[in-house]
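Novice: Test case, fold it:
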Amino acid sequence: MLVSLVLLLLGALAAVVAPRLVSRADWPEREPVVALWVWQCVVAAVLLCFALSMTFSAAAAWQLVRGHVFAPAPHAVVDAYALGANEPWSAVLAVVLACGGLWTGAMLSREIYRSHAGRKRRRMELLVRSPLLPGEEPGGEPLVVLEGKRPDAWWLPGAAPQLVITTAALGRLKGSQLDAVLAHEQGHARARHDWLLHCSAALATGFPQIPVFAAFRNEMHRLVELAADDVASRRFGRRTIALALVELNEDRGVFGPCPTPDAQLPQRVNRLLTPVPRLSAGRRLRLTAAAALVPVVPLLVAFVPGLRALG
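Specialist: Numbering: from 1, shown residues only. Just a heads-up that it's a prediction; the model follows:
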């Protein structure tokens, strides 16, 4: 049962320490795509630690579970995990972790349902504000223009994603700025950033006291915007997308002295106008490979006793 405890402590340690380590790094703003990958690997490792700890605890508590988990394994492997001790807390730990897994599934299901319902509601509102002409089909046009006094643009995800933009925004965006906004939103759609936001929101809502999940949600909202900014800037230039962001948001007070819900916008504009060099290709590759190895650590902890017994 030592393996179960080690995995539980490893997951708890990663959940507390990982957000601090990543937040102190100076490279995520320079490489938001790599940072997104690192965060996903860290969260996957934490979830894997808890899932494996639940599995070994259940195997120690109940012979039925042990028979399914270790069915093809030799007796030496089963003995290496010392599952026969049957500590009284094994069942309690397994039930608690199983409840956590069920709660995670429930939060994800709720987030998916809310997302689907919200998307359906927004598309119905869009049809009311911009009715279809004879012969048109819903979702047939990638760009929809709405009459509106407030400059705004947003992406409607789905099977047929659409960019919605108001006439006020069209009046403000000049030259290739509209193309840059379109490229920004297409970057979100192609990378399926909406799924990252939904998963991070579900975990943070379900487990608000776990630091890694709260930090995961906050960083996903920030990093997906930086990644989409980079997609647009590579095609149309940093100055173009920065000016487009200013034109769309300057009337909302986000560039004033008082904090607003969109307080990250000034930072995004400053980042675009004062770029810092990207990391070298070699360092990006090393970071990506190191992050991919993080979920391997709990697997090694779980399988080392069995491998030693076989060796």
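
Novice: and Leu163, what element?
Specialist: Taking DSSP states H and E as the definition, Leu163 sits inside strand 162-166.

Novice: And the contacts of that strand?
Specialist: The list of residues contacting strand 162-166 from outside it, by CB atoms under 8 Å, 6 or more residues apart in numbering, reads 126, 139, 141-156, 178, 181-182, 185-186. (C-beta placed from N, C-alpha, C; glycine too.)

Novice: Buried residues, it. List them.
Specialist: Neighbour-count burial for strand 162-166 flags Gln162, Leu163, Val164, Ile165, Thr166 (criterion: 16 or more other CB atoms under 10 Å).

Novice: Average pLDDT for it, rounded please.
Specialist: Looking at strand 162-166 alone, the average pLDDT works out to 83.

Novice: circling back to that earlier point, most widely separated two among the buried residues of strand 162-166?
Specialist: The widest separation within the buried residues of strand 162-166, taken as CB to CB, falls between Gln162 and Thr166 and amounts to 13.6 Å.

Novice: before we move on, back to that, in helices only, show me the contacts of strand 162-166.
Specialist: If you go by DSSP state H, the contacts of strand 162-166 have Leu126, Leu178, Val181, Leu182, Glu185, Gln186 in helices.

Novice: So which of those sits lowest on pLDDT?
Specialist: Ranking the ones in helices among the contacts of strand 162-166 by pLDDT puts Leu126 at the bottom, with 76.

Novice: That one: neighbouring residues, count only.
Specialist: Around Leu126 sit 17 other residues, with neighbours defined as other CB atoms under 10 Å.

Novice: what phi and what psi does the backbone show at the most centrally placed residue in the chain?
Specialist: Against the mean C-alpha coordinate of the chain, by CA atoms, centre = their mean, the closest residue is Leu196 at 3.2 Å. Leu196 has phi and psi values of phi -60, psi -40 when expressed as degrees, to the nearest 10.

Novice: Over to the closest residue in space to it that isn't next to it in sequence. Which of the three states is it?
Specialist: With CB to CB, 6 or more residues apart in numbering as the measure, Met220 is the residue that lies nearest to Leu196, at 5.1 Å, once sequence neighbours are left out. At Met220 the chain is in helix, as set by DSSP: H, G, I helix; E, B strand; the rest coil.

Novice: Next, find the distance separating Met220 from Val145.
Specialist: Here Met220 is placed at a distance of 30 Å from Val145 (CB to CB, to the nearest Å).

Novice: Ok, Gln264 next?
Specialist: Separation of Gln264 from Val145 (CB to CB): 27 Å.

Novice: Verify the assumption that Ala204 is located in a helix.
Specialist: Yes. Assignment of Ala204 by three-state DSSP places it within a helix.

Novice: returning to that earlier point: look up the pLDDT of the residue nearest to Leu196 for me, please.
Specialist: Per-residue confidence for Met220 comes out at a pLDDT of 94.

Novice: right, and it touches His198 too?
Specialist: No. Contact criterion CB atoms under 8 Å: Met220 and His198 do not qualify, at 9.6 Å.

Novice: What ranges does the protein have for its strands?
Specialist: Under the criterion DSSP state E, the chain carries strands at the ranges 143-146, 153-156, 162-166.

Novice: that older thread, who has more neighbours out of Met220 and Val145?
Specialist: Neighbours were tallied for Met220 and for Val145 using other CB under 10 Å; the higher tally belongs to Met220 (23 against 14).

Novice: Which residues are in contact with that one?
Specialist: Met220 touches Leu36, Trp39, His193, Leu196, Leu197, Ser200, counting by CB under 8 Å, 6+ apart.

Novice: can we see that at 7 Å?
Specialist: Contact analysis of Met220 by CB atoms under 7 Å, 6 or more residues apart in numbering lists Leu196, Leu197, Ser200.

Novice: Next: Val212.
Specialist: The contact partners of Val212, by CB under 7 Å, 6+ apart, come to Ala14, Ala15, Ala18, Pro19, Val42, Val43, Val46.

Novice: about what we covered before: could you work out which of the strands of the chain reaches nearest to Thr240?
Specialist: With CB to CB as the measure, strand 153-156 is the member of those nearest Thr240 (14.4 Å).

Novice: Show me what the closest one is packed up against.
Specialist: helix 88-129, strand 162-166, helix 177-190 (3 or more CB pairs under 7 Å, 6 or more residues apart in numbering; DSSP states H and E).

Novice: possible to save the ones you listed as a markdown table with distance to Gly67?
Specialist: Shown next, in a markdown table, are the helices and strands packed on strand 153-156 (distance: least, CB to CB, whole Å):
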| stretch | distance to Gly67 |
| --- | --- |
| helix 88-129 | 15 |
| strand 162-166 | 52 |
| helix 177-190 | 46 |
